[in-house]
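Engineer: no sequence on this one, just coordinates:
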């Protein structure tokens, strides 16, 4: 890619898309195209065709998706499979029609079977049944990577697909109904601490700035202190304990979104699908048990209450550790873990532990979102959310309350 190449970032307001946009800008790319959801609905085929026909970008980063945590995936199953299939089909098809030189498709580690061997290798795809709670999303992501493969084979396109592990970072979703585990834990412990120290003024500011989810109206919640306590208790947030979904014995791997963005730009700059194969894993190479993650967040926030388990809620897949590598040829395997070491591409400081990363992220989160107290700021920093912002104009929710990064 040249610095003046026309590059379209689909989903530039989401966590991944915004990170890719930042990396491209930092590297001096000066011909970047972005559209909000109100300007371009990627599920609408005629609109996507008109856009790509008019703009004719040279390169495309397909980071647009409807995303959410385990509850959102299990609740809005039809929305997740339809929207994500339509987004991928429309963008990939018309990118080919209108001369895109190379496209990078963002997938997800949920494409792997529920009981895949660990760490998960690319060849484990479609070797077993999927995790039921996010099966619709996983099927859509599998369809997207297969679409890239078959367009490459039939039409000679150059579409590459990457499968990242669990991500965190700027513009994450902190809605308790639709968020992933890490932002949900941070907000729960933060609000529980505010309850414990009777800072209802800060709680009200938090709720007014950012929705809790579950169709809870701000006006009803904020009637009085008792109303807040009752609603929070339904969410598993109290002054004396925070409720953790499931037993907490499953493992998850986490990576900061900036590291993923650096890897994506690097791959699009330097590799084609012929070198990478059907797709490539990108992760940190380290995982953590969810109960340990919860205790880490609790410690960082400074919450002194208990952690209790809601065993009626699903845990999800037991373990999802990626084997991060890309097969450049049959003779060479280059790993993408923290650093793209053999490719001489450093993207992660292995000496910085997760807790430090989260704390730094939380602090910057507070700087951007003043109603969130310094407690959660420190937590986000330690958890690696180095620059989190979740102001209402930067967190994208569908009418059903599901986060959309393609707006």
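Structural biologist: Yep, it's here. In this text the structure is predicted, and so the values were computed from the model without any measurement.
Engineer: quick one: mean pLDDT for the helix or strand where residue 204 lies?
Structural biologist: Taking DSSP states H and E as the definition, one finds residue 204 inside helix 200-209. The predicted model assigns helix 200-209 a mean pLDDT of 84.
Engineer: contact partners for residue 105?
Structural biologist: 62, 88, 92, 144, 145, 148, 159, 160, 161, 162 (Cβ atoms under 8 Å, 6 or more residues apart in numbering). No exception for glycine: its C-beta is placed from N, CA and C like everyone else's.
Engineer: tell me how far the strand or helix carrying it lies from the chain's centre.
Structural biologist: Following DSSP H and E, the helix or strand that holds residue 105 is strand 102-106. Put simply, strand 102-106 sits 16 Å off its chain's centre (Cα atoms, centre = their mean, to the nearest Å).
Engineer: what of stretch 74-87?
Structural biologist: 16 Å.
Engineer: what of stretch 235-245?
Structural biologist: 24 Å.
Engineer: buried residues in that stretch?
Structural biologist: 235, 236, 237, 238, 239, 242, 243, 244, 245 (16 or more other Cβ atoms under 10 Å).
Engineer: among those residues, which pair sits farthest apart?
Structural biologist: Using Cβ to Cβ, the pair of the buried residues of stretch 235-245 lying farthest apart is 239 and 245, separated by 19.7 Å.
Engineer: picking up where we left off before, in its sheet, what does the strand holding residue 105 sit against?
Structural biologist: strand 59-62 (parallel), strand 159-164 (parallel) (DSSP bridges).
Engineer: next helix or strand past that strand?
Structural biologist: helix 135-155.
Engineer: the helix holding residue 204 - contacts with which helices or strands?
Structural biologist: Counting contacts by 3 or more Cβ pairs under 8 Å, 6 or more residues apart in numbering; DSSP states H and E, helix 200-209 packs against helix 181-196, helix 218-221, helix 225-234.
Engineer: which of those sits closest to residue 254?
Structural biologist: helix 181-196 (6.6 Å).
Engineer: quick check: mean pLDDT of the closest one?
Structural biologist: 90.
Engineer: residues in contact with the most centrally placed residue in the chain?
Structural biologist: For the chain, the residue sitting closest to the mean C-alpha position, by Cα atoms, centre = their mean, is residue 167 at 4.8 Å. Residues in contact with residue 167 (Cβ under 8 Å, 6+ apart) are 15, 16, 254, 255, 256, 257, 260.
Engineer: same thing with residue 289?
Structural biologist: 248, 249, 250, 251.
Engineer: those residues in strands, which ones?
Structural biologist: residue 251 (DSSP state E).
Engineer: need the contacts of residue 289 in JSON lines with pLDDT, distance to residue 281 and neighbour count, can you?
Structural biologist: Output for the contacts of residue 289, formatted as JSON lines (pLDDT from 0 to 100; distance: Cβ to Cβ, whole Å; neighbours: other Cβ atoms under 10 Å):
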{"residue": "248", "pLDDT": "93", "distance to residue 281": "25", "neighbour count": "19"}
{"residue": "249", "pLDDT": "92", "distance to residue 281": "24", "neighbour count": "12"}
{"residue": "250", "pLDDT": "91", "distance to residue 281": "19", "neighbour count": "18"}
{"residue": "251", "pLDDT": "90", "distance to residue 281": "16", "neighbour count": "17"}
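Engineer: any stretches of the stretch 151-300 of the chain with poor pLDDT?
Structural biologist: 217-223 (pLDDT under 70).
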